[in-house]
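1. here is my input, please return the structure:
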Amino acid sequence: MTPAGPLASLPMYDRAEIAGSTNALWEAIRDALRRGGITAPDRLTRAGSLWDHWRHPDLVLSQTCGLPYRKALHDSVTLIGTPDFALPGCPPGHYNSVILMQPDADRIDASEWPGLRLAFNEGLSQSGWAVAMEAARSHGTRFGDYLQTGAHRASVRAVAEARADICFVDAQTWRLMCQWDSLAPKVMEVGRTEPTPGLPLISAAGADAEAIAAAVDRAIGALDEADRRTLGLNGLTWIPPEAYLSQPIPDLPPATARRDA
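-> Predicted coordinates for the structure are as follows:
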């Protein structure tokens, strides 16, 4: 259950292996917020629905995905800024998706996609679904079948286990998987998509965006260098709402999409 009172969460890249560094980041942000007179909870909330976090009336800070932001949240939350993970080939604050297939795949070209099953995490994912649909559209093609897995890691597992042929995974998620996950060597990277605005930080409607962003920026700057390296965090950037809202909203996954068991 989502707690009452001020809430903070940083859920999007929160692996168990880096939880200590995630906690350290929040503690630095929390202390900077409190020094600025902004009430902040002692600890991050990790339980409960992310939608309950994002729509919490006392949300202090959370991170969402670009597609939920532009489709459902932008008119009811305050945009704070976008973390920069200095991803290869991406402008500050932007990211892209890594296209993954089985190591022995021989149908790599987009012209082969109609014969492939796409594993995707969910239909409101920018990096797992929206960019896959945009990539297929830009190549004038489509995928032959769909498997909804519920998480990027589950999509990678589906490809590794040959229950799907291809998946698109957030490049920062993939970076962390390559460091910490036994599944990473079981698939191969065959390409990357064009960069799009990264996963934004948000607060409740009416929040003081400038003050919160300043606290986050100060906290990142003061964070121990080892924690910054563990998180892959380079800084905080400002990407205006219009840059998110101008991105296309894809169709929902087809009703025929299978769900991973």
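2. number of nearby residues for Phe168?
-> Look at Phe168: counted by other Cβ atoms under 10 Å, it has 31 neighbours. All C-beta spots, glycine's among them, are computed from the backbone N, C-alpha and C.
3. hang on, it in a strand?
-> Yes - the assignment for Phe168 by DSSP: H, G, I helix; E, B strand; the rest coil puts it in a strand.
4. tally of neighbours for Glu112?
-> Residues near Glu112, counting by other Cβ under 10 Å: 15.
5. would you map the helices across the stretch 101-250 of the chain?
-> Applying DSSP state H, counting those that start in this stretch to the stretch 101-250 of the chain gives helices spanning 131-138, 152-160, 171-180, 209-222, 225-231, 241-245.
6. tell me which residues are up against the fifth one.
-> With Cβ atoms under 8 Å, 6 or more residues apart in numbering as the test, helix 225-231 has contacts from 13, 18, 20-22, 24-25, 220, 234.
7. right, so the helices of the stretch 101-250 of the chain: which one is the most enclosed?
-> Of all the helices of the stretch 101-250 of the chain, helix 152-160 has the most neighbours on average by mean count of other Cβ atoms under 10 Å, namely a mean of 23.
8. can you tell me what sits against that helix?
-> Helix 152-160 is touched from outside by 100-102, 119-121, 127-128, 147, 149, 164-167, 169-170, 173-174, 177, 181, 183-184, 186-187, 260, with contacts defined as Cβ under 8 Å, 6+ apart.
9. what subset of those is buried?
-> Buried members of these, counted by 16 or more other Cβ atoms under 10 Å: 100-102, 119-121, 127-128, 147, 149, 164-167, 169-170, 173-174, 177, 181, 183-184, 187, 260.
10. relative to His139, how far out is Leu79?
-> Distance of Leu79 to His139, given as Cβ to Cβ, to the nearest Å: 32 Å.
11. ok, these two, which is more surrounded?
-> Leu79 (21 against 12).
12. please save the CA atoms from the helix or strand encompassing that one in PDB.
-> Assigned by DSSP states H and E, Leu79 falls within strand 77-84. What follows is strand 77-84 as a C-alpha-only set of coordinates in PDB (Å, rounded to 0.1, in the frame of the first residue of the first chain):
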ATOM      1  CA  VAL A  77       2.400  16.600 -12.300                       C
ATOM      2  CA  THR A  78       5.300  19.100 -12.200                       C
ATOM      3  CA  LEU A  79       8.300  18.400 -14.400                       C
ATOM      4  CA  ILE A  80      11.500  18.700 -12.500                       C
ATOM      5  CA  GLY A  81      14.300  17.800 -14.900                       C
ATOM      6  CA  THR A  82      15.900  14.800 -16.500                       C
ATOM      7  CA  PRO A  83      18.900  12.800 -15.200                       C
ATOM      8  CA  ASP A  84      21.800  12.500 -17.600                       C
END
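13. sheet partners, orientation included, of that strand?
-> Paired with strand 77-84 in the same sheet, following DSSP bridges, are strand 201-204 (antiparallel), strand 235-237 (antiparallel).
14. tabulate the ones you listed (TSV), appending mean neighbour count and mean pLDDT.
-> Shown next, in TSV, are the strands paired with strand 77-84 (neighbours: other Cβ atoms under 10 Å; pLDDT from 0 to 100):
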stretch	mean neighbour count	mean pLDDT
strand 201-204	23	98
strand 235-237	19	98
